[in-house]
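Trainee: give me a 3D structure for the following:
(one chain, ligands or ions: 1)
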Amino acid sequence: MTRVKVCGVTNEADLDAVDAAGADAVGAICDVPVDTPREISREHARGLFAAAPPFLTTVLVTMPDSIDHARDLAREVGPDVLQLHGEFAADDLDSLRATGVRVVPVVDATDLDRARAVAPVVDAVLVDTPSASGAGGTGETHDWDASRELVEAVDVPVVLAGGLSPDNVAEAVRTVEPDGVDVASGVEASGGVKDHDAVRAFVAAAKAARGESDDHEEALA
Ligand SMILES: O=C(O)c1ccccc1NCC(=O)[C@H](O)[C@H](O)COP(=O)(O)O
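Mentor: Just a heads-up that it's a prediction; the model follows:
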């Protein structure tokens, strides 16, 4: 079953819609050095995650300037998972994970060496289409064949992100065969606000892509 994360949630109504659509994980964005309508404060993220139902995984997405910064952030916000944009060494990721939070670094689809280096010490890797600064949320796809190679090269779950939408996620899943998919801008009504119909359509399309049966989807029809 392909797991689905919906990222960049900024309010409780959207969080509820993500859960109702049958997504597996919800992401909130804090402490990023780029201008994005999806960034929220630590306090706001902590409140949203505290309101998340028990079976929805909470993912804090950040671009910390150090591993200590990431550790402080995780302690303050309390997510299940920390998604890190930035070039952190395997040792640093390992020490962060030792604090008890699950760690998912973002890797470049073409950088198999880095993916192989970090894979043994993380819980999953996320392959995205980053901006020049390493940020996500670009709404751009990348070479899915390269991502497919990465899936085959590492022995850790791979989440595919970057420019996914209800219209292309099924093809992306069939091409890359990732463990999960992630979307931010592709299911928005406007910056930082989700389109609930698009969220439902995205989750349904991702989960149906490999012919997996899903009672939840039928219930939504
Ligand atoms: O979404 C952002 O604005 C963002 C900014 C800085 C760092 C990360 C960010 N998003 C991270 C995500 O997990 C997104 O879901 C992922 O990059 C895909 O975004 P999109 O291409 O818009 O679906």
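Trainee: just give me the longest helix of this structure.
Mentor: Secondary structure assigned by DSSP state H gives helix 196-208 as the longest helix of the chain.
Trainee: average pLDDT across that one?
Mentor: The average pLDDT within helix 196-208 is 98.
Trainee: same question for stretch 158-168.
Mentor: The average pLDDT for stretch 158-168 rounds to 98.
Trainee: which positions within stretch 18-35 qualify as buried?
Mentor: 18-19, 21-32 (16 or more other C-beta atoms under 10 Å). C-beta coordinates here come from the backbone N, C-alpha and C atoms, glycine included.
Trainee: could you identify the most distant pair in the residues you listed?
Mentor: The span of the buried residues of stretch 18-35, defined through C-beta to C-beta, is set by 22 and 31 at 29.2 Å.
Trainee: for residue 43, see how far away the spatially most central residue of the chain is.
Mentor: For the chain, residue 182 is the residue whose C-alpha lies nearest the centre (C-alpha atoms, centre = their mean; 4.6 Å). Distance of residue 182 to residue 43, given as C-beta to C-beta, to the nearest Å: 24 Å.
Trainee: cool, and residue 131?
Mentor: From residue 131 to residue 43 the distance is 26 Å (C-beta to C-beta).
Trainee: more neighbours: which of those two?
Mentor: residue 131 (14 against 11; other C-beta atoms under 10 Å).
Trainee: burial of the nearest residue to the more buried one once chain neighbours are set aside, as a residue count?
Mentor: Using C-beta to C-beta, 6 or more residues apart in numbering and skipping the chain neighbours, the partner closest in space to residue 131 is residue 138 (5.4 Å). Number of residues near residue 138 (other C-beta under 10 Å) recorded here: 17.
Trainee: that older thread, restrict the buried residues of stretch 18-35 to those near the ligand?
Mentor: 27, 29, 32 (C-beta under 6 Å from any ligand atom).
Trainee: just give me the neighbour total for the closest residue in space to the last one that isn't next to it in sequence.
Mentor: Read that as residue 32. The shortest distance from residue 32 to any non-neighbouring residue, by C-beta to C-beta, 6+ apart, is to residue 63 (4.7 Å). By other C-beta under 10 Å, 21 other residues sit near residue 63.
Trainee: hmm, residue 63 is touching residue 88, no?
Mentor: No. Counting by C-beta atoms under 8 Å, residue 63 stays clear of residue 88, with 10.5 Å between them.
Trainee: is residue 104 in a helix, a strand, or coil?
Mentor: Following DSSP: H, G, I helix; E, B strand; the rest coil, the label given to residue 104 is strand.
Trainee: still on that earlier bit, ok, the buried residues of stretch 18-35 vs the ligand, which is closest?
Mentor: Using C-beta to the nearest ligand atom, residue 32 comes nearest to the ligand of the buried residues of stretch 18-35, at 4.1 Å.
Trainee: please name the residues that touch the closest one.
Mentor: Contact analysis of residue 32 by C-beta atoms under 8 Å, 6 or more residues apart in numbering lists 39, 61, 62, 63, 85, 135.
Trainee: what's the closest of those to the ligand?
Mentor: Of the contacts of residue 32, the one sitting nearest to the ligand (C-beta to the nearest ligand atom) turns out to be residue 135, at 3.6 Å.
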